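A.B. asks: Return a 3D structure for these sequence lines:
(one chain, ligands or ions: 1)
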Amino acid sequence: MDPISDRSTATQRDAGLPGPWRSEFPITESRAYLCGGGLAPAARGVSDAVGAWVERWSLDPRGIWDRLLDPVEEVRDRLARLLSCAPANIGVVDGTSRASNLAVALLDAPPGSNVIVDATTYPSSLYPWLERRASGVEIRRAPSGWGGLGASVADVKRLVDDRTVAVSITHVDPMTGFRHDLRPIADVAHRHGAVLIADVAQSAGVVPLDPTSDGFDIAAGTAMKWLLGPPGIGFLYLSDAVLARTRAPQVGYVGATVDPSDPDRLVLDPAARRHELGLPSLLGMLGFAAGLDIVLACGVDRIATHVERLVGRCLDGLAQRGLRATTPDDPTHRAGIVVIPMADPAAAAAFLRARAVDVWSLARTSALRADPHVFNDDSDIDRLLEGLDAHVALRAPTGLRSG
Ligand SMILES: Cc1ncc(COP(=O)(O)O)c(C=O)c1O
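C.D. replies: Just a heads-up that it's a prediction; the model follows:
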């Protein structure tokens with residue numbers, strides 16, 4: 001039976017998330033794992049899919065060979081459903097960083113042109129532009145609007161001009177939890193003939209995405225976070241218009257061929273597949289397809305609602321304790337990430353970890369980060385809050401105070 005329709009039926013039977021999905025994740029039996037925005041834990045279906053492939057690889061590799069690239073097409077089809085686009089718009093690559101580098105390399109950015117970035121633009125999107133400064137591309141940094149969290153549309157408007165090639169924005173900032181509203185930024189970029197590049201690593205799977213309504217022209221993302229897949233796989237979304245006017249900085253036998261009547265003429269795949277070179281990490285591909293099955297069966301809308309409820313519970317609990325999160329109060333400007341300023345985040349994370357509560361420690365900004373996902377429930381948030389109580393009580397026995 002098609003695993004998606006099978007699971008969809010199960011989902012319809014159940015009133016809410018996480019319901020039966022929680023038991024799909026063995027980690028929930030022992031830990032309150034709140035690092036879904038870093039490396040999501042393998043669900044049973046994901047481990048089974050990887051394990052089955054390894055077994056076939058061990059016992060009958062020749063049997064795999066004839067349909068070797070099928071798992072890539074399964075991933076592409078599922079990503080296309082997730083992003084409300086055609087499979088032709090999706091290239092499956094080896095991470096957000098690769099996709100972001102491809103995005104930058106694809107664009108014609110002559111000397112004197114510029115790109116707009118802001119404080120939330122993740123290094124994987126910024127560094128490829130910094131590398132192009134040598135060829136005369138100017139980097140324009142939007143001062144942080146939105147209470148210091150991310151570029152406002154007014155910032156982008158002030159910086160954009162007809163030499164702007166791209167506005168490069170990380171949809172959800174992993175350092176603050178801030179979520180941009182992409183549409184108005186896309187409109188400003190488009191008015192000047194520029195493209196919007198969105199890093200969706202922290203939004204795909206937990207925020208509904210649609211290039212038509214959100215307005216992005218290029219997107220880069222990863223499997224291992226909100227899409228419940230393994231590390232080392234990512235994707236590149238390219239709009240039809242971008243596909244039509246770009247080629248490929250690197251080529252290989254998967255995404256290109258030669259003209260049978262002229263062996264010196266390279267013919268690129270018309271689709272985003274043209275960016276796929278040789279054999280990818282097949283080991284992880286089936287795991288990614290299985291992770292996407294769970295996300296699609298749950299539905300991103302329902303995951304978003306569930307996660308927002310857990311984020312709200314966490315923020316309320318923090319506020320009751322006099323702790324203020326960096327993450328915006330406005331639910332439309334946040335997604336699945338809660339950032340909590342903390343004096344010694346490494347010590348706090350280690351204390352929580354000893355109580356089987358996993359959160360991130362952000363050294364640079366001196367904060368803890370909790371990322372509740374579909375497999376988390378209220379009890380995980382409560383264990384985090386109780387752990388923080390215990391941690392603060394140890395350090396300041398007279399009561400809670402913010403770090
Ligand atoms: C917003 C964002 N972009 C990019 C990355 C890097 O992704 P990758 O390791 O797939 O290049 C991360 C985190 O790992 C991230 O949070």
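
A.B. asks: which stretches of the stretch 251-400 of the chain have low pLDDT?
C.D. replies: 396-400 (pLDDT under 70).

A.B. asks: For burial, what's the neighbour tally of whichever residue of it sits closest to the ligand?
C.D. replies: Residue of the stretch 251-400 of the chain nearest the ligand, by Cβ to the nearest ligand atom: I337 (9.0 Å). Where C-beta positions appear, they are placed from N, C-alpha and C, glycine not excepted. Neighbour count for I337, taken as other Cβ atoms under 10 Å: 28.

A.B. asks: Can you name the residues that contact it?
C.D. replies: Neighbour list for I337: G37, V172, D173, P174, T176, G177, Q202, T327, R369, A370, D371 [criterion: Cβ atoms under 8 Å, 6 or more residues apart in numbering].

A.B. asks: Contact partners for the last one?
C.D. replies: Looking back up the chat, that one is D371. Taking Cβ under 8 Å, 6+ apart as the criterion, D371 is in contact with L34, C35, G36, G37, G38, G336, I337, V338, W360.

A.B. asks: Ok, L83 next?
C.D. replies: Listed by Cβ under 8 Å, 6+ apart, the contact partners of L83 are N89, I90, A204, L209, D210, P211, A219, Y237.

A.B. asks: and which of those residues is nearest to T365?
C.D. replies: Nearest to T365 among these: A204, at 23.5 Å, using Cβ to Cβ.

A.B. asks: pretty sure the closest one is touching M224, no?
C.D. replies: No: judged on Cβ atoms under 8 Å, A204 makes no contact with M224 at a distance of 11.3 Å.

A.B. asks: more crowded one of those two?
C.D. replies: When A204 and M224 are compared for neighbours, A204 comes out ahead with 31 against 24, by other Cβ under 10 Å.

A.B. asks: all strands for the stretch 301-403 of the chain, in order.
C.D. replies: 338-341, 357-358, 360-362, 367-370 (DSSP state E, counting those that start in this stretch).

A.B. asks: Same question for the last one: list its buried residues.
C.D. replies: The reference is to strand 367-370. Across strand 367-370, burial judged by 16 or more other Cβ atoms under 10 Å covers A367, L368, R369, A370.

A.B. asks: which residues touch the residue nearest to the residue of the stretch 251-400 of the chain closest to the ligand when sequence neighbours are not counted?
C.D. replies: What sits nearest to I337 in space, not counting adjacent residues and going by Cβ to Cβ, 6 or more residues apart in numbering, is G177, at 3.7 Å. G177 makes contact with A325, T326, T327, P328, R334, A335, I337, V338, V339, R369 under the criterion Cβ under 8 Å, 6+ apart.

A.B. asks: Widest-spaced pair of the residues you listed?
C.D. replies: Across the contacts of G177, no pair lies farther apart than P328 and R369, at 14.4 Å, counting by Cβ to Cβ.

A.B. asks: how about the biggest helix by length in the chain as CSV, C-alpha atoms only?
C.D. replies: For the chain, the helix that runs over the most residues, judged by DSSP state H, is helix 300-320. Coordinates of each C-alpha in helix 300-320 appear next as CSV, following Å, rounded to 0.1, in the frame of the first residue of the first chain:
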residue,chain,number,x,y,z
VAL,A,300,2.3,21.2,7.1
ASP,A,301,-0.8,23.2,8.2
ARG,A,302,-1.4,20.9,11.1
ILE,A,303,2.2,20.7,12.0
ALA,A,304,2.4,24.5,12.1
THR,A,305,-0.7,24.7,14.4
HIS,A,306,0.7,22.0,16.7
VAL,A,307,4.2,23.6,16.8
GLU,A,308,2.7,27.1,17.4
ARG,A,309,0.7,25.7,20.3
LEU,A,310,3.8,24.2,21.9
VAL,A,311,5.9,27.4,21.2
GLY,A,312,3.1,29.4,22.8
ARG,A,313,3.0,27.1,25.9
CYS,A,314,6.8,27.5,26.2
LEU,A,315,6.7,31.3,25.9
ASP,A,316,3.8,31.5,28.4
GLY,A,317,5.7,29.3,30.8
LEU,A,318,8.9,31.4,30.4
ALA,A,319,6.9,34.7,31.0
GLN,A,320,5.4,33.3,34.2
